[in-house]
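Undergrad: Okay, here's the prediction I keep looking at, along with the sequence it came from:
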Amino acid sequence: MIAAVHSATLTGTTGRPVIVEVHDSGGLPGFTIVGLPDTAVRESRDRVRAALLSSTFAWPQRRMTVNLAPTAVRKAGAGLDLPIALGVLAAVGDLSWKVLEGVAFIGELGLDGSVRHVPGTIALAEAVRGHRLVVPECDLAEAAAVRPRRTFGVPSLRTLVEILRGTHPWPLPVTNSVLGRADERADRHGNGSPAAAEQRAWIERAVACYGDLEEVKGQRVGRRAVEVAASGGHHLLLVGPPGSGKTMLARRLVGLLPPLARPEALEVTRIHSSAGLSAPEGGLVWDPPFRAPHHGASAVSLVGGGTASMRPGEISLASRGVLFLDEMGEFPVAVLDALRQPLEEGVVRVSRARGTADFPARFLLVGAMNPCPCGEGGAAGSCRCSPAARARYVRRLSGPLLDRFDLVVPLRRTTPDELLSPAPGEPTAAVAARVAAARRLARTRGVRCNSELRASVLSAVAPLDSGAAELLERSVRAGRLSGRGVDRVRRVARTIADLDLAGDLDLPGAGAVAGERAVAAPGGAGIVRGEHVAEALALRAGREVLDVGG
Amino acid sequence: MSSSAPHTGTAPRTGTAPHTGTAPRTGTAPHDLPEKAYAAALASVPGVGPKTLRRLLEGTVPHAAWDELVTGSARVRAALRTESAHNDARKIDVAHVWATHVQAGVGVCVLGEPGYPAALRADPEAPAVLFSLGSPRVVDTAPRVAIVGTRSATRYGLGVAAQLGADLAAAGVVVVSGLALGIDGAAHEGALAAWRATSGRGEPAADAAELSLTAGPSGPEVRESFPTRPAAPPVAVVAGSVAAPYPRQHSGLWRRVAEAGAVLSEAPIGVADVAWRFPARNRIIAALSDVVVVVECHSRGGSFHTVQAATARSVPVGAVPGSVRSPASAGTNALLADGCFVVRDLSDVLVALGLSLAGAGPGRLPAQLPAQAADGLPSPTREVVGAVAWDRRSLEEILEQTGLPMDTVCGALERLRALGVVHGEAGWWERC
């Protein structure tokens, strides 16, 4: 007899539907799995056998063939254990094949017959739309985030079989608390207050996890740089001696980013779940991620890939959040250069002989490095490195990669006075409010943040006053700014001008929206002044530290 | 190319050179090469440093010394520390070494022979063989002042070095330096700028300095007045071969110095730029110079090798004072505390040289903008310029001091930059 069970498998971060066919025939007892299974799938034979026996079913002493269709797709992971077990039961007649129709199953089996967590559940759940879906109980929240109805969680194979036989009732689709929370989040952009509550909750979590910006003493330039970076989505490189607070600033930048909107949260959850990171309570990842790989990282761990399965790399795990590369000068050159294409396109395509996977990689890159091997450079004359050693160190960052940074900020050590000063800096919550307002202004221009503004629209959305135009021209003529740099400075200046306006637009409700429209309209108050350009130039002055031996 | 090489000794040797008959030649070296070829070959032997080379050439001529080295005479064995030099010498093809130097246009002078700079001749550690690009004769045409200092110089140091180089060259003083990055390069650039202005390539400077040469403060005054005296060319003394510019960034400057004056070295073509050659080079700079000026150096910098060598030769050492907060001036300030004379401008150096200057004009570099430009500015700009000091301040400090928002301060700084009142680089700002 033949039984067919619907399921899905994971390629990269995408689920693909799979049909598990089990054929039972006479002959020498045996169990074969065909259809491009990987090692984990091949090993499922032993798990399925033990799980069936533990669940008081018999293991058929017959010739069983399992085919995973479509055969051209590679099957990875242990999520196919449950459908294989059900297929075996149906093929030998322990279970009616009719009850399996219209239902898809995902789950790894334990030897005791329990149904266990499967990575990438959210992507798998999306792949089997149109079916009822049975997932491990622990993955129910995650699956329900994309399909709240007709999704069920089961604790064990025995319970599932009893449900299918009709001797046990179907569990409630989704617990009320989980669904309620998901629904509340779904329409949180409907009016102002839930979004504000959401933001407050996120800032609290971020402060607890990454620290508050008020703990950064002094460093007015550095604090301003993270504010501008968060507002405009501008990639940020912090250049300063050890002890200048580079890492502190980078970590606190995450808290300034707004919490993720639903489509972004789905995307991030899909990546994190596929990589096997545990999902938070409630199923979806709503917090912008912060990833800080060590400089020993390989190109594959950063970009994604791997031999066994296509696993998303750090840049994808940091998508919609912050990728922080500390000690950037210590990363191998080849690893850093692998970032260039994803930085440009927001997606990374990993190609291997066995297949190709596209991973989202829309991250905010924050780098930190010393100006030279001794760390004291920047203040010319105080550095003891030979010019050749400095040039070697700085050359680790290729010109094209350096060009991706809109903000290259020189930091200096905090003075003892600043360190001992009892006065706290501005807290994260206050800065985040300005960032949110600036990002709302950016959205009126049809982009998520100003770094996405195309060069062709700059003169329309970021008009320069005479002082700003003059300053840009002077900087280009003096060789301090390249032609490519001009557009980057204009985007950053736009963000700085937006932050300026954000203070004035601090009105509640609809008044703010009207104000934003008026400001963002062509010829509105949103003009970029010379001061804004000057500040944007000051926030990339660190490039001059890195231009050595020229 | 080789025909334009500035040597006098390229003619085949006629065999009349004194043959002291110490040992029979072993026959591999051809006999029609000039003495200079053997001198270059001796300098090329690995393990033969400046001291050994002097001992080898003492009281004999290069080809004889070479023969002794190849055959391994007792005198040579005593002079050499290792046996390997003796074996290494056998592998060297004198004709090839000579051809390499001729092709690269590198001149060779041997101590004690005509063409060797007189200024170096009497020095106890003078290089036995000197390689040159350009004309080494310019060394003896005028007084010489060495301008040395750190490679990681501040803008202040670079500015002073360039100005001093230009002023000295315009006053007819040969500027000697090492073609390194930082102070050395700035001094050469300054000297070249002044030299170009009077060398006929540009129009002669109208206000060319009149130089008065005196025998000393109290001695009889011998006035030699040159109303349109040309500026002196620069001279560089380098550690590696004169045909291998190092650092690469200075290869253009290297060529221009060689065209105007001379680039000298005791290293033949093909030797590695090993570390000991740099301090060894510094002793030649000190030996060549009548006065050594340190513009900027750290508390333990390479410039101290030059200073030590100069002190050992009783060459006066001057230092340019700097901010006590600047690490790049720590060394020079320490020198001043130890009793070196203070160098503020050209006249301080000329006094030390025993020269006096009549009608010295301003330097040939573009004059700085007057500081008065900062006065009478509108409000935020005035506060900002007050916070920018003559030594370097970070933007952070300026923000701190003014208490103004960052965009206001940055806008004011850029306006001041446009006026030429302040200079900003890499987040550091200073008055200029």
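TA: Arrived safely, thanks for sending. Numbering: from 1, shown residues only, chains lettered A, B, ... in the order given.
Undergrad: which regions of the stretch 51-200 of chain A sit below the pLDDT cut-off?
TA: A:173-194 (pLDDT under 70).
Undergrad: ok and the residue in it nearest chain B?
TA: Nearest residue of the stretch 51-200 of chain A to chain B, counting by CB to the nearest CB: A:Q199, 25.2 Å away. (Each C-beta comes from the backbone N, C-alpha and C, glycine too.)
Undergrad: Please name the residues that touch that residue.
TA: Residues near A:Q199 by CB atoms under 8 Å, 6 or more residues apart in numbering or on different chains: A:P258, A:P259, A:A432, A:A436.
Undergrad: what helix or strand does the third one sit in?
TA: Secondary-structure assignment from DSSP states H and E places A:A432 in helix A:428-443.
Undergrad: buried set for that helix?
TA: A:428-429, A:431-442 (16 or more other CB atoms under 10 Å in any protein chain shown).
Undergrad: Ok, stretch A:292-302 next?
TA: A:A292, A:P293, A:A297, A:A299, A:S301, A:L302.
Undergrad: same question, stretch B:420-432
TA: Going by neighbour count (16+ other CB under 10 Å), the buried part of stretch B:420-432 is B:V421, B:V422, B:H423, B:G424, B:E425, B:A426, B:G427, B:W428, B:W429, B:E430, B:R431, B:C432.
Undergrad: same thing with stretch A:496-503?
TA: Neighbour-count burial for stretch A:496-503, counted by 16+ other CB under 10 Å, picks out A:I496, A:A497, A:D498, A:L499, A:D500, A:L501, A:A502.
Undergrad: Please flag which of these sit within helices.
TA: Of those, the ones assigned to helices by DSSP state H are A:I496, A:A497, A:D498, A:L499, A:D500, A:L501, A:A502.
Undergrad: need those residues in a markdown table with pLDDT and distance to chain B, can you?
TA: Formatted as a markdown table, those follow (pLDDT from 0 to 100; distance: CB to the nearest CB, whole Å):
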| residue | pLDDT | distance to chain B |
| --- | --- | --- |
| A:I496 | 94 | 6 |
| A:A497 | 91 | 9 |
| A:D498 | 90 | 12 |
| A:L499 | 90 | 9 |
| A:D500 | 86 | 7 |
| A:L501 | 84 | 12 |
| A:A502 | 78 | 13 |
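Undergrad: What count of nearby residues applies to the residue of the stretch 151-300 of chain B found nearest chain A?
TA: Residue of the stretch 151-300 of chain B nearest chain A, by CB to the nearest CB: B:T154 (4.0 Å). By other CB atoms under 10 Å in any protein chain shown, the residues close to B:T154 number 26.
Undergrad: How about the one 10 residues further on?
TA: A count of nearby residues for B:L164, using other CB under 10 Å, gives 29.
Undergrad: In this structure it contacts B:L346, no?
TA: Yes. With contacts counted by CB atoms under 8 Å, B:L164 reaches B:L346, the gap being 6.9 Å.
Undergrad: moving C-terminal of the helix or strand encompassing A:A145, what's the next helix or strand?
TA: Element membership for A:A145 (DSSP H and E) is helix A:140-146. Following helix A:140-146 in sequence order, the next helix or strand is strand A:151-154 (DSSP H and E).
Undergrad: Excluding sequence neighbours, find me the nearest residue to the spatially most central residue of chain A.
TA: For chain A, A:S319 is the residue whose C-alpha lies nearest the centre (CA atoms, centre = their mean; 2.7 Å). Nearest residue to A:S319, sequence neighbours excluded (CB to CB, 6 or more residues apart in numbering or on different chains): A:P360, at 4.7 Å.
Undergrad: Quick check: that neighbour vs A:H168, distance?
TA: 40 Å (CB to CB, to the nearest Å).
Undergrad: Show me which of the two is the more surrounded one.
TA: Legend: neighbour count by other CB under 10 Å for A:P360 and A:H168, higher for A:P360 (20 against 14).
Undergrad: Please tell me how far that one sits from chain B.
TA: For A:P360, the distance to chain B (CB to the nearest CB, to the nearest Å) stands at 34 Å.
Undergrad: Test my guess that A:N450 contacts A:A442.
TA: Yes. Using CB under 8 Å, A:N450 is in contact with A:A442, at 5.1 Å.
Undergrad: list the residues that contact both of these two?
TA: A:S231, A:G232, A:T495, A:D498.
Undergrad: residues making contact with the one helix or strand B:R256 maps to?
TA: Using DSSP H and E, B:R256 sits in helix B:251-260. By CB under 8 Å, 6+ apart, the surrounding residues in contact with helix B:251-260 are B:133-134, B:179, B:185, B:188-189, B:192, B:195-196, B:199, B:233-236, B:238, B:242, B:245, B:263.
Undergrad: try it again with 6 Å
TA: B:L133, B:G134, B:L179, B:H188, B:L192, B:W195, B:P233, B:P234, B:A236, B:P245, B:V263 (CB atoms under 6 Å, 6 or more residues apart in numbering or on different chains).
Undergrad: what does stretch A:234-254 give?
TA: Taking CB under 6 Å, 6+ apart as the rule, stretch A:234-254 contacts A:206, A:210-211, A:213, A:216, A:219, A:222, A:226, A:229-230, A:288, A:290, A:322, A:324, A:326, A:365-369, A:371, A:375-376, A:404-411, A:413, A:451, A:492, A:542, A:545.
Undergrad: Likewise for stretch A:59-67?
TA: A:21-25, A:27, A:29-35, A:49, A:52-53, A:84, A:92.
Undergrad: From these, keep the buried residues only.
TA: Among these, those buried by neighbour count (16+ other CB under 10 Å) are A:E21, A:V22, A:D24, A:F31, A:I33, A:G35, A:R49, A:L52, A:I84, A:V92.
Undergrad: what sits against A:R396?
TA: The contact partners of A:R396, by CB under 6 Å, 6+ apart, come to A:G329, A:V333.
Undergrad: ok, then the element right after the helix holding A:A432?
TA: Using DSSP H and E, the helix or strand that follows helix A:428-443 towards the C-terminus is helix A:458-461.
Undergrad: Let's verify B:V175: helix, strand, or coil?
TA: strand (DSSP: H, G, I helix; E, B strand; the rest coil).
Undergrad: neighbours around it, how many?
TA: By the measure other CB under 10 Å, the count of residues near B:V175 is 32.
Undergrad: Give the closest residue to it in space, chain neighbours not counted.
TA: Distances taken as CB to CB, 6+ apart put B:A191 closest to B:V175, at 3.9 Å, once the chain neighbours are dropped.
Undergrad: how about the nearest residue to A:L256, chain neighbours excluded?
TA: Nearest one to A:L256, counting by CB to CB, 6+ apart, is A:A230 at 3.7 Å.
Undergrad: so who does the one you found touch?
TA: A:L253, A:L256, A:L257, A:V435.
Undergrad: can I get those in TSV with secondary structure and pLDDT?
TA: Putting the contacts of A:A230 into TSV (DSSP: H, G, I helix; E, B strand; the rest coil; pLDDT from 0 to 100) gives the following:
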residue	secondary structure	pLDDT
A:L253	helix	95
A:L256	helix	95
A:L257	coil	94
A:V435	helix	92
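Undergrad: tell me which of these is nearest to B:G47?
TA: In terms of CB to CB, no member of the contacts of A:A230 lies closer to B:G47 than A:L253, at 58.5 Å.
Undergrad: helix/strand/coil for the closest residue to that closest one other than its chain neighbours?
TA: Distances taken as CB to CB, 6+ apart put A:V226 closest to A:L253, at 4.4 Å, once the chain neighbours are dropped. Of the three states, A:V226 takes helix according to three-state DSSP.
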